[in-house]
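*Asks:* Dropping a prediction and its sequence here:
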Amino acid sequence: MERVGTETNGVADHLDPARALGRVAIAAAGIGIFDWDLRTGVLAWDERLLEMFGYDRESFGGTIESFDSAVHPDDVPLVHRAIREAIETAGEYAAEYRVVRADGVTRWVTARGLALPGPDGTAVRLLGAAFDSTAERDHEVRVARVLEAMPTAFFSVDTHWRFTYVNSSAEQLLQRHRDELLGKDLWDLFPEAVGSRFEKSYRLAVETGEPVNFDAYYPAPLDAWYEVHAWPTPDGLSVYFLDVSGRRRDAALAAAAARRAQLASTVAVELSETLEAEEAVGRLAKLVVPVLADWSVVTLVEPGEPRRGPRLRDVGSWHHDPGRRALVDRYATQRLASLTPQSFLNRAARTGETVVVPGDATASMLEVLVPGEASELLRHLDPGNAVVLPLRGRGRTVGVLSLFHDRGRAPLTDEDLQLAADVAGRAGLALDNARLYKEQLTLAEGLQRSLLTKPPSPDHLQIEVRYEPAAEAARVGGDWYDAFLQPDGATVLVIGDVVGHDVLAAAEMGQVRSILRGIAVATGGAPAQVLGTVDKAMRTLQTESIATAVVARLEQTPEELAQHRTRVRWSNAGHPMPMLLHADGTVEPLKDGKPDPLLGIMPDAPRHETEVVLERDSTLLLYTDGLVERRDMPVRDGMARLEALLAELAPKDLGLAELCDELLTRVLPGRREDDVALVAVRLHPQDEPRPPEAGPVEVPPDVPEDPAAPEQQA
């Protein structure tokens, strides 16, 4: 069993050294100490309490049953009721009872204590003191001895709110000697309590007859938080109270740290979930309020003319007070034009260093603002202090975060400034990444579009081409289309896809496209011959690209010309098969048996051709896999979907341009995962005038004219 006392390891282990004087007083008064752990059931007594009950260390069992066995049987119910009420309310314990000692002597014992709550508010310990009150003549004197020895502050008032008792701990916390308090009115001595939580709770306890427990802050001169337990008595009100300012301060610091950590996490998530960093950085103004500022403005720093320096643009603002947000928004739209070159914003943007606005922020900022609407708005906003932080990218300032505090709020601490700098750093890198991404996207798309030239317009054919880049720069790359005439007048259609997605893939696509186009025109060869020669040329030129492609050649023999029929011959290097929309509305995937290998893998492998005769008003469609493949849809399912959609659109009798646009609108998602190239050709009747929708005839000057054109037959 644990011992309790100044010489033991029980209750004394829980006593603060600062309370040593109280323990000395307890020992001198002959008061025994008890500590009952409600979780384990262990009841610890000091030597004085053992002696009081007639036990020695060996005979005392250290349980509540050992205590019960010494209490007079008639007093056990009363004692149990007092203990139960203290535990249930986590409040005061008070009891006076008889003890029957082992030697047959009966003594009166007076006990006072307090049930201490755990983190969840439930009592976990009952701690207190008891003394032999047999010889005492006055109950109030006996209680005073206990209360005076307790380290907890205690005072009592009568029904007229006059102090009747104050222990030494209360003297210390109330910062007044008891002679200044006893007999005086509580509300006169402590006017700040009038109308506060203290007065309301005390009066409620007196009116209802029920004890109250609460935490409340008392302003200067006490300037402290108190945990208060007050209960009414027939003579007035008794109050226990503890200074919990340290606990409150620790909790506030922990909460502030949690808010700072949450802010850093939120900013990181907001900036990492999108490549639209300008929008995300604009939202930064809202994210930092109110943890780091009462209101804020976010500014982008963009390249400007060499003589004028960078160009500033405000992209976000926020105020913690909804009624003042419009004021901040208006200020953000007006301030840049009114800033002088010496402004704190310009200094942060120019030097890339954090600028703490000196002194009174409003007065300091007005000195660097040209008089006008912006300066008047600033006077209304009236910030007390401010700090301006650069948003740094890779070796450059890409933005500025301005943080403002209303009057009455302290400037940012060093810890807050470090957090603000971390947030600004994250935002700067995100913004820089977004600009690099945009530059890469523009470069890749521009390079690719520069290589996708306008198709020819032979009299008997209408050719439409489309290219849609991927939504992400990393996905823009190797898709291409081509359409041109060979020297004998045959029309060649090409669709291809270089493996890879980036600027390098776009450049490699340009190489492969140029090689194929040059070989096809120079040799006038058929599709299989062209692809085979291209494959060998890639090996000779040490082009490390791998690509899929379809080359299709539309040609006519004299007999076919007379019959107004055209034959398409194609060769496929591992590419999705073309689709043929017949004049009657049926759709036919152009299968070609076993597919030939991709370009760049087996240059010496034989290549094959397939041909089919096309009737007038039929449409041939070549496309890249971006049209038919998704992460959640394999190519085979995508091709089946495309085939069904072509069949659905056929009865609408759409023009070729409308058909291409409708296909892209219906098939492609809003945010494309891959780039898409498309080339479509429609065969118009050769013995009729070219339809207006096909546009004018445009062919190279050295290509033979179409002998079947109506103007040539006249």
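*Replies:* Thanks, I have it. Residues are numbered from 1 along each chain as shown.
*Asks:* tell me the pLDDT at Gly585?
*Replies:* We have a pLDDT of 93 for Gly585.
*Asks:* For it, which three-state class applies?
*Replies:* Under DSSP: H, G, I helix; E, B strand; the rest coil, Gly585 falls in the coil class.
*Asks:* Show the contacting residues for the residue lying closest to Leu581 once chain neighbours are set aside.
*Replies:* Counting by C-beta to C-beta, 6 or more residues apart in numbering, Leu581 lies nearest to Thr619, which is 4.2 Å off, once chain neighbours are set aside. (C-beta placed from N, C-alpha, C; glycine too.) By C-beta atoms under 8 Å, 6 or more residues apart in numbering, the residues touching Thr619 are 580-581, 656, 659, 680-683.
*Asks:* Which of those fall within helices?
*Replies:* 656, 659 (DSSP state H).
*Asks:* Now tabulate the contacts of Thr619 in TSV and tack on pLDDT.
*Replies:* Listed next are the contacts of Thr619 as TSV, based on pLDDT from 0 to 100:
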residue	pLDDT
Leu580	96
Leu581	96
Leu656	95
Leu659	95
Ala680	96
Val681	96
Arg682	95
Leu683	93
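*Asks:* I'd assumed Ala694 was in contact with Ala657.
*Replies:* No: in this structure Ala657 lies outside contact range of Ala694 using C-beta atoms under 8 Å: 9.5 Å.
*Asks:* Settle it for me: which of these two has more neighbours?
*Replies:* Ranked by neighbour count (other C-beta atoms under 10 Å), Ala657 and Ala694 place Ala694 first, with 21 against 16.
*Asks:* quick one: the more buried one from Val492, how far?
*Replies:* Note on Ala694: its distance to Val492, by C-beta to C-beta, to the nearest Å, is 18 Å.
*Asks:* Kindly report the same for Asp158.
*Replies:* As for Asp158, its distance to Val492 is 110 Å (criterion: C-beta to C-beta).
*Asks:* more neighbours, the two?
*Replies:* When neighbours are counted by other C-beta under 10 Å, Asp158 and Val492 differ, and Val492 comes out ahead with 24 against 15.
*Asks:* Let's verify that one: helix, strand, or coil?
*Replies:* For Val492, the secondary structure call by three-state DSSP comes out as strand.
*Asks:* Quick check, pLDDT for it.
*Replies:* At Val492, the predicted lDDT confidence score is 96.
*Asks:* Please, where are all the helices along the stretch 151-300 of the chain?
*Replies:* 168-174, 178-181, 186-189, 197-208, 245-272, 277-287 (DSSP state H, counting those that start in this stretch).
*Asks:* now, of those helices, which is deepest in the fold?
*Replies:* By mean neighbour count, with neighbours taken as mean count of other C-beta atoms under 10 Å, helix 277-287 ranks first of the helices of the stretch 151-300 of the chain at a mean of 21.
*Asks:* what does the average pLDDT come to for that helix?
*Replies:* Average pLDDT, helix 277-287: 76.
*Asks:* starting at the chain centroid, how far to that helix?
*Replies:* Relative to the chain's own centre, helix 277-287 is displaced by 12 Å; criterion: C-alpha atoms, centre = their mean, to the nearest Å.
*Asks:* which residues make contact with it from outside it?
*Replies:* Here helix 277-287 makes contact (C-beta under 8 Å, 6+ apart) with 263, 266-267, 270-271, 273-274, 296-298, 300, 315-318, 391, 399, 401, 423, 427, 430-431, 433-435.
*Asks:* For the buried ones among those residues, write the corresponding ChimeraX selection.
*Replies:* Entered in ChimeraX, the line below selects the buried ones among those, by 16 or more other C-beta atoms under 10 Å:
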select :263,267,270,271,296,297,298,300,315,316,317,318,391,399,401,423,427,430,431,433,434,435
